[in-house]
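Trainee: attaching a predicted model along with its sequence, questions to come.
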Amino acid sequence: MSQPEFETFSVYNFSIDYPPVCRVEFNPKSRREAGDIVFHFPDREKLYLSWGDLEKAQKKFGDAQKQAEHSLGSVKKSQNVKKMEKITTDTLTINSHLAAYNRVKLEETPPGIFPGKRRSIAHETYSLHLHCDKSSRYFVVYTMLSPNAPQDFGEVVFMRMAKSFACHKES
């Protein structure tokens, strides 16, 4: 019998489909109200799923789109990031909610002792920000691909996982 292409990971009444080759790791401080999970792929890629209190996010950002813009702004201001370019900005419907989707290309200078000698590394980042009033949580699904990432990781694997995300059970 062959392995299924994707399996469903479910906790705290939300779920996401993932390839069975992944190792799933919880942040030990995670709890129902807020936390992080990392899906480790064998080729060193990682996909992160974070969640937190919706009321706090709405007070600070207003909506998922503004939260996504804030996240991108924080990445751009990071001292390791030399250049950042938006490739795609879109709105997706995920589990009956409008979610902010972004694909960004950035150049990052790795940390080191000799600043002039460091070569920049190009990355692509995919992110999805979603606010769920039914669960009273916000969710962020994101990945920063390594330069050696499989060609289809972002457009196929990330998108399949993001579109499978269910932030609450439909009644």
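Mentor: Arrived safely. Here the structure is a predicted model, which is why all the values come from computation and not from measurement.

Trainee: how about the residue nearest the centre of the chain, phi and psi?
Mentor: The chain has Y142 as the residue nearest its centroid, 1.2 Å off, counting by CA atoms, centre = their mean. Main-chain dihedrals, Y142, degrees, to the nearest 10: phi -150, psi 160.

Trainee: does the residue nearest to it when sequence neighbours are not counted lie in a helix or a strand, and which?
Mentor: Leaving aside its chain neighbours, Y142 sits nearest to S127 (4.0 Å; criterion: CB to CB, 6 or more residues apart in numbering). Where C-beta positions appear, they are placed from N, C-alpha and C, glycine not excepted. For S127, the element it lies in under DSSP states H and E is strand 121-132.

Trainee: show me what counts as buried in that strand.
Mentor: Residues 123-132 are the ones in strand 121-132 that count as buried (16 or more other CB atoms under 10 Å).

Trainee: which residues does P42 contact?
Mentor: V21 (CB atoms under 8 Å, 6 or more residues apart in numbering).

Trainee: distance of it from P150?
Mentor: Distance of P42 to P150, computed by CB to CB, to the nearest Å: 10 Å.

Trainee: joint contacts of the two?
Mentor: With CB under 8 Å, 6+ apart, P42 and P150 have no common neighbours.

Trainee: buried set for stretch 149-157?
Mentor: With the criterion 16+ other CB under 10 Å, stretch 149-157 contains buried residues 149, 153-154, 157.

Trainee: now do stretch 139-149
Mentor: 139-146, 149.

Trainee: could I get the buried residues of stretch 149-157 as CSV with distance to V38?
Mentor: Compiled in CSV, those are given as follows (distance: CB to CB, whole Å):
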residue, distance to V38
A149, 16
F153, 15
G154, 17
V157, 15
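
Trainee: what's the closest of these to V21?
Mentor: Closest to V21 out of the buried residues of stretch 149-157 is V157 (10.5 Å), distances taken as CB to CB.
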